[in-house]
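> sequence and predicted structure, then a few things I'm wondering about:
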Amino acid sequence: RVEPRPDAEGQVRRAGLARVPAGGDPAQVRFLVPDRFTLGYGLSPAVVERLAPLEPAWLVTVDNGVTSHEGVAAAREAGMRVVVTDHHSPDEALPAAAAVVDPQRGDDAFASPHLAGVGVAFYVARAAQRALAAAGDLPPDPPNLAGLLDLVAVGTVADLVPLDHNNRILVEQGLRRIRAGAAQPGVTALLEAAGRDPREACAADLAFGVGPRLNAAGRMADMTAGVECLLAADAASAQGAAAELDRLNRQRREVEARMTEEALSALETQAEAVGPGVCVAAAGWHQGVTGILAARLKERYQRPAIAFAPGQEGWLTGSARSVPGLHMRELLARVQRGSPELVQRFGGHAMAAGLTIPASGLEAFRAAFAAALEEALDGGEPAPSCLDSDGPLAAEELTLETAAALRYGGPWGMGFPEPRFDGLFAVRQATSLNGGHLRLQLQAADGTGPVWPAIAFGAQESGWDRLAGPVRVLYSPEVNRYRGTVSLQLRVEHMEPQPGG
């Protein structure tokens, strides 16, 4: 049993550390989610300094640490034994931890290399439980780790890892627990705060309902609030925590909208700023929203994007997002190899990364990043994105039954996309909704057959409301629940006019 020195618990609790209920276990287990704004990402010496007052015997990382050589060394020097569990790409050398568990290790033979950080932690817990059982040290009534699968599902979907066969099993089993009413109170409360029915939950509800509200805590305030929501012991405390996360998510959306508008306005007046990649920064931007902004710019310009906001004095903190075929972490490593003074630290994987650069080196970094992209592309341009379709559906196939079969036929997600279809339609009506969305009424282009309700999220500026017909529409049939009514709705992803329209 490790006892903290006097007042150590209070000091670390104020720094974002919280106690996990022990449930009678003699070990004391606590968590710390480093404040990204002051401590950055991952296990750093500064994080170890925050933890040192508790004198922990063991330090286990989750979803970070595989490149934290200095942090691991500092923890060992402070008397901690370190277990790294991560899913990010390691350096050529691993940190000197007691154990490093990462499916991206070159010598790792685990069947699923695409586990999210939560998936790695789950399998480590299973392995520990098996080892304890083999040694005869398992308590008479051990915890059923399957009871954590709803958390594994949330983390796997929210982290946007490819849904390979193994990850689909984890997500589907977690969803079944949620639909059966066996989820953690916090997961249920977050779904309800997002207006999603836990009894009908699918992967999209986790991706667009639960994930953004949990992430909002880390982006706008302190991620500890999100963890404590998931650890809530009862519905009442979970609902209070979820309400606060919902408020933070609304605040995040407002900040995101302002930053996106400012970035697009600046890029439109500086066409030269859009080369093989996009790199933007502004003094008034919020560090916690740069990742979302980078994703928006990547989607808009179909090329890698990095967004920076002011960090600690003299530094810029950035988030990067990439497109298929361009590995973002390797691009940043190329920049650092060529100009070590331009990148203080970075980490991430193929599609997303974070980095810190000196504010005075922004223009030099832009040039170095563009050069790294040009070298990776061999002077070409990023490949344009392709809008894939599973083909047309006949009118008699556009039914609520089809939509329900598709909703529960996944789980769908990264690398295993939800089926979507295309067809020729006429737009009978288009109405703008709050939030920048469009509500549409679509009918077969020849004017026959039923009129289908449809919605296009975030499409108010697309000009689609000015189209009549014929237009080719890329869409997914979905189940729409509103005020007790269940109906078919087409979720529109793309529209383009056809000859004669």
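On my side now, so go ahead. Residues are numbered from 1 along each chain as shown.
> for stretch 415-434, list every residue counted as buried.
416, 418-423, 425-427, 430 (16 or more other CB atoms under 10 Å). Every residue, glycine included, has its C-beta placed from N, CA and C.
> strands - which of those residues land there?
Counted as lying in strands by DSSP state E, out of the buried residues of stretch 415-434, are 421-423, 425-427, 430.
> how about those residues in JSON lines, adding distance to Gly226 and pLDDT?
Shown next, in JSON lines, are those (distance: CB to CB, whole Å; pLDDT from 0 to 100):
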{"residue": "Phe421", "distance to Gly226": "36", "pLDDT": "97"}
{"residue": "Asp422", "distance to Gly226": "38", "pLDDT": "96"}
{"residue": "Gly423", "distance to Gly226": "41", "pLDDT": "94"}
{"residue": "Phe425", "distance to Gly226": "41", "pLDDT": "95"}
{"residue": "Ala426", "distance to Gly226": "45", "pLDDT": "93"}
{"residue": "Val427", "distance to Gly226": "41", "pLDDT": "93"}
{"residue": "Ala430", "distance to Gly226": "37", "pLDDT": "91"}
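> still on that earlier bit, so can I have a markdown table of the buried residues of stretch 415-434 showing distance to Val152?
Compiled in a markdown table, the buried residues of stretch 415-434 are given as follows (distance: CB to CB, whole Å):
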| residue | distance to Val152 |
| --- | --- |
| Phe416 | 17 |
| Glu418 | 21 |
| Pro419 | 25 |
| Arg420 | 27 |
| Phe421 | 31 |
| Asp422 | 34 |
| Gly423 | 37 |
| Phe425 | 40 |
| Ala426 | 45 |
| Val427 | 42 |
| Ala430 | 41 |
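> dump the residue contacts of Phe122.
Phe122 makes contact with 145, 148-149, 152, 170 under the criterion CB atoms under 8 Å, 6 or more residues apart in numbering.
> ok, those vs Ala233, which is closest?
Leu148 (14.8 Å; CB to CB).
> the closest one looks like it's in a helix, true?
Yes. Under DSSP: H, G, I helix; E, B strand; the rest coil, Leu148 sits within a helix.
> so how far is Tyr123 from it?
The gap separating Leu148 from Tyr123 is 11 Å, by CB to CB, to the nearest Å.
> can you confirm Val82 is in a strand?
Yes. Counting by three-state DSSP, Val82 is found in a strand.
> mind checking how far it is from Arg126?
On the measure of CB to CB, Val82 and Arg126 end up 20 Å apart.
> more neighbours, the two?
Val82 (24 against 13; other CB atoms under 10 Å).
> re the thing from before, just the buried ones out of the contacts of Phe122, please.
Buried among these (16+ other CB under 10 Å): 148-149, 152, 170.
> check these against Arg36 and report the nearest one.
Val152 (23.1 Å).
> for the closest one, list the residues it contacts.
118-119, 122, 170-171, 174.
> same thing but at 6 Å, please
By CB atoms under 6 Å, 6 or more residues apart in numbering, Val152 lies in contact with 118, 122, 170, 174.
> not counting sequence-adjacent ones, nearest residue to the last one?
Nearest in space to Gly174, with sequence neighbours left out and distances taken as CB to CB, 6 or more residues apart in numbering, is Ala153 at 2.5 Å.
> so that neighbour is in which element?
helix 149-158 (DSSP states H and E).
> I'd like the next helix or strand past that helix.
Sequence order places helix 165-179 as the next helix or strand after helix 149-158, per DSSP H and E.
> that following helix vs helix 149-158, what angle?
Counting by axes from the mean of the first three to the mean of the last three CA atoms, to 10 degrees, helix 165-179 lies at 130 degrees to helix 149-158.
> picking up where we left off before, ok, the buried ones among the contacts of Phe122 vs Ala134, which is closest?
Using CB to CB, those come closest to Ala134 at Leu148, 21.2 Å.
> now that closest one: how far from Val33?
From Leu148 to Val33 the distance is 18 Å (CB to CB).
> kindly report the same for Met351.
22 Å.
> now Pro477
Distance of Pro477 to Val33, computed by CB to CB: 39 Å.
> okay, the two: which has more neighbours?
Pro477 (26 against 19).
> is it true that the more buried one lies in a helix?
No. Pro477: not assigned to a helix; according to three-state DSSP it is strand.
> residues contacting it?
Counting by CB under 6 Å, 6+ apart, Pro477 has contacts 402-403.
> quick one on the thing from earlier: tell me the one among the contacts of Val152 nearest to Gln270.
Closest to Gln270, out of all of these and judged by CB to CB, is Val118, at 40.3 Å.
> I'd say the closest one and Ala153 touch.
No. Contact status for Val118 versus Ala153: not in contact, 8.8 Å apart, counting by CB atoms under 6 Å.
> compare the two (neighbour count), which wins?
Ala153 (29 against 23).
> gap between that one and Phe208?
Counting by CB to CB, the gap from Ala153 to Phe208 is 14 Å.
> also Gly218?
Distance from Gly218 to Phe208, by CB to CB: 17 Å.
> these two: who's more crowded?
Gly218 (20 against 15).
> got phi/psi on that one?
With angles defined as degrees, to the nearest 10, Gly218 sits at phi -70, psi -30.
> for stretch 232-244, which positions count as buried?
So for stretch 232-244, counting by 16+ other CB under 10 Å, buried means 232, 237-239, 241-244.
> now those in CSV, with secondary structure, distance to Leu39 and pLDDT?
As requested, these are exported to CSV (DSSP: H, G, I helix; E, B strand; the rest coil; distance: CB to CB, whole Å; pLDDT from 0 to 100):
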residue, secondary structure, distance to Leu39, pLDDT
Ala232, coil, 25, 96
Ser237, helix, 27, 96
Ala238, helix, 27, 97
Gln239, helix, 30, 97
Ala241, helix, 23, 96
Ala242, helix, 26, 97
Ala243, helix, 27, 97
Glu244, helix, 22, 96
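> nearest to Ser487, of those?
Proximity of these to Ser487 (CB to CB) peaks at Ala242, which lies at 27.4 Å.
> look up the closest residue to the closest one, ignoring the ones flanking it.
Nearest non-adjacent residue to Ala242, counting by CB to CB, 6+ apart: Ala189, 3.8 Å away.
> which helix or strand contains Asn215?
helix 211-220.
> the next helix or strand after that helix packs against which elements?
Moving toward the C-terminus from helix 211-220, the next helix or strand (DSSP H and E) is helix 224-230. Packing contacts for helix 224-230, counted by 3 or more CB pairs under 6 Å, 6 or more residues apart in numbering; DSSP states H and E, involve helix 211-220.
> same question for the helix it packs on, mean pLDDT?
For helix 211-220, the mean pLDDT works out to 92.
> same deal with stretch 125-133?
When pLDDT is averaged along stretch 125-133, the result is 94.
> quick revisit: and the contacts of the helix holding Asn215?
158, 190, 223, 225-226, 245-246, 248-249, 251-252, 288-289.
> save those residues as JSON lines, and put in neighbour count and distance to Leu331 too.
As requested, these are exported to JSON lines (neighbours: other CB atoms under 10 Å; distance: CB to CB, whole Å):
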{"residue": "Ala158", "neighbour count": "19", "distance to Leu331": "24"}
{"residue": "Leu190", "neighbour count": "33", "distance to Leu331": "34"}
{"residue": "Met223", "neighbour count": "22", "distance to Leu331": "27"}
{"residue": "Ala225", "neighbour count": "19", "distance to Leu331": "33"}
{"residue": "Gly226", "neighbour count": "25", "distance to Leu331": "30"}
{"residue": "Leu245", "neighbour count": "27", "distance to Leu331": "33"}
{"residue": "Asp246", "neighbour count": "19", "distance to Leu331": "36"}
{"residue": "Leu248", "neighbour count": "24", "distance to Leu331": "32"}
{"residue": "Asn249", "neighbour count": "21", "distance to Leu331": "30"}
{"residue": "Gln251", "neighbour count": "16", "distance to Leu331": "32"}
{"residue": "Arg252", "neighbour count": "22", "distance to Leu331": "27"}
{"residue": "Gly288", "neighbour count": "24", "distance to Leu331": "23"}
{"residue": "Val289", "neighbour count": "25", "distance to Leu331": "22"}
